[in-house]
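J.: Build me a model from this:
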Amino acid sequence: MSKGASITVGGVAVGIVLLVLGLPLWAVLLIIVGVPVAGYLMLDKSQRSRLRGVSRKRLGR
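T.: Numbering: from 1, shown residues only. Okay, the predicted model is just below:
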């Protein structure tokens with residue numbers, strides 16, 4: 001299984017667990033989307049550009 005697929009499966013599992021615990025759907029979606037976005041925004045400019053390069057499979061540096 002690829003890395004992206006395993007992350008997706010993990011996100012779905014977390015969403016199902018949160019729904020079972022009684023959180024409303026909007027709160028579950030906010031957590032699943034908000035946590036990675038907050039993590040990305042906490043990176044500085046050079047770390048963001050490096051992350052974009054890795055996701056585009058840019059070699060070097």
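J.: mind listing the helices in this structure by residue range?
T.: 3-20, 25-41, 45-55 (DSSP state H).
J.: could the ones you listed be laid out in a markdown table, adding mean pLDDT and mean neighbour count?
T.: All C-beta atoms are positioned from the backbone trio N, CA, C, and that covers glycine. Shown next, in a markdown table, are the helices of the chain (pLDDT from 0 to 100; neighbours: other C-beta atoms under 10 Å):
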| stretch | mean pLDDT | mean neighbour count |
| --- | --- | --- |
| helix 3-20 | 88 | 11 |
| helix 25-41 | 90 | 11 |
| helix 45-55 | 85 | 11 |
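J.: Spatially central residue in this structure, please.
T.: Pro36 (3.9 Å; C-alpha atoms, centre = their mean).
J.: Quick check: the closest residue to Val9 other than its chain neighbours vs Leu25, distance?
T.: Leaving aside its chain neighbours, Val9 sits nearest to Met1 (7.6 Å; criterion: C-beta to C-beta, 6 or more residues apart in numbering). Remark: distance between Met1 and Leu25 (C-beta to C-beta, to the nearest Å) = 27 Å.
J.: With Arg56 instead?
T.: 33 Å.
J.: same thing with Val14?
T.: Distance from Val14 to Leu25, by C-beta to C-beta: 14 Å.
J.: residues near the residue nearest to Val9, how many?
T.: 8 (other C-beta atoms under 10 Å).
J.: same check, this time on Met42
T.: By other C-beta under 10 Å, 9 other residues sit near Met42.
J.: do you know how far Ser55 is from Leu19?
T.: On the measure of C-beta to C-beta, Ser55 and Leu19 end up 29 Å apart.
J.: On the pLDDT front, check Leu59 for me.
T.: Note for Leu59: predicted pLDDT of 59.
J.: my bad, Asp44
T.: pLDDT at Asp44 comes out at 93.
J.: Count the residues that sit near it.
T.: 8.
J.: Phi, psi for it please.
T.: phi -80, psi 180 (degrees, to the nearest 10).
J.: now it: how far from Pro24?
T.: Taken as C-beta to C-beta, the span from Asp44 to Pro24 is 34 Å.
J.: can you check Val17 too?
T.: 14 Å.
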